[in-house]
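> pasted the sequence and its predicted model underneath.
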Amino acid sequence: MSGNIKIADVEEKQLSPGQTGRCIPMDVRQQILRAIANIEYGSVEVVVHDGKVVQIECREKIRVARHPPGRTDSVKQS
């Protein structure tokens with residue numbers, strides 16, 4: 001899967017018969033992209049109701065680093 005898909009790329013795709021095109025407001029696009037840019041490890045979920053974005057959820061993953069005996073524990077984001 002390509003990790004470099006832009007919103008503009010998705011909008012340029014042809015709609016299938018019966019599909020309707022929906023415009024995502026620029027401020028919502030920016031919020032989604034900001035959420036993706038600000039997360040190092042985890043996921044961003046976009047919740048849609050009646051064809052409109054109503055919520056953006058960010059889940060950041062934090063893993064505890066394992067150390068050999070004798071070293072102190074620390075928390076590492078990964």
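Good, I have the coordinates.
> from residue 50, how far out is residue 26?
Distance from residue 26 to residue 50, counting by CB to CB, to the nearest Å: 20 Å. For glycine as for every other residue, the C-beta is placed from the backbone atoms N, C-alpha and C.
> which one's more surrounded, these two?
residue 26 (8 against 5; other CB atoms under 10 Å).
> and that one, what does it touch?
If you count contacts by CB atoms under 8 Å, 6 or more residues apart in numbering, residue 26 has none.
> any idea how far it is from residue 17?
On the measure of CB to CB, residue 26 and residue 17 end up 28 Å apart.
> same question, residue 57
In terms of CB to CB, residue 57 sits 33 Å off from residue 17.
> neighbour-wise, which of these two wins?
It is residue 57, of residue 57 and residue 17, that has more neighbours when counted by other CB under 10 Å, with 10 against 4.
> verify the stated contact: the more buried one with residue 32.
No: using CB atoms under 8 Å, residue 57 is not in contact with residue 32; the gap is 11.0 Å.
> overlap in contacts of those two?
44, 46.
> next one: residue 51, what pLDDT does it get?
On pLDDT, residue 51 comes in at 90.
> quick one: the strands in this protein, in order.
Using DSSP state E, the strands of the chain run over 42-49, 52-60, 62-64, 75-77.
> let me have these in CSV, extended by distance to residue 36.
Supplementary listing: the strands of the chain in CSV, determined by distance: least, CB to CB, whole Å:
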stretch, distance to residue 36
strand 42-49, 5
strand 52-60, 9
strand 62-64, 18
strand 75-77, 16
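> residue 22 is nearest to which of those?
Among the strands of the chain, the nearest to residue 22 by CB to CB is strand 52-60 (8.1 Å).
> report the backbone C-alpha coordinates of that closest one in PDB.
The C-alpha trace of strand 52-60 is given here as PDB (Å, rounded to 0.1, in the frame of the first residue of the first chain):
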ATOM      1  CA  LYS A  52     -20.200  14.500   7.000                       C
ATOM      2  CA  VAL A  53     -17.100  14.200   9.100                       C
ATOM      3  CA  VAL A  54     -18.200  14.600  12.700                       C
ATOM      4  CA  GLN A  55     -15.200  13.400  14.700                       C
ATOM      5  CA  ILE A  56     -11.400  12.800  14.300                       C
ATOM      6  CA  GLU A  57      -9.900  10.300  16.800                       C
ATOM      7  CA  CYS A  58      -6.100  10.000  17.400                       C
ATOM      8  CA  ARG A  59      -4.700   7.000  19.100                       C
ATOM      9  CA  GLU A  60      -1.000   7.300  20.000                       C
END
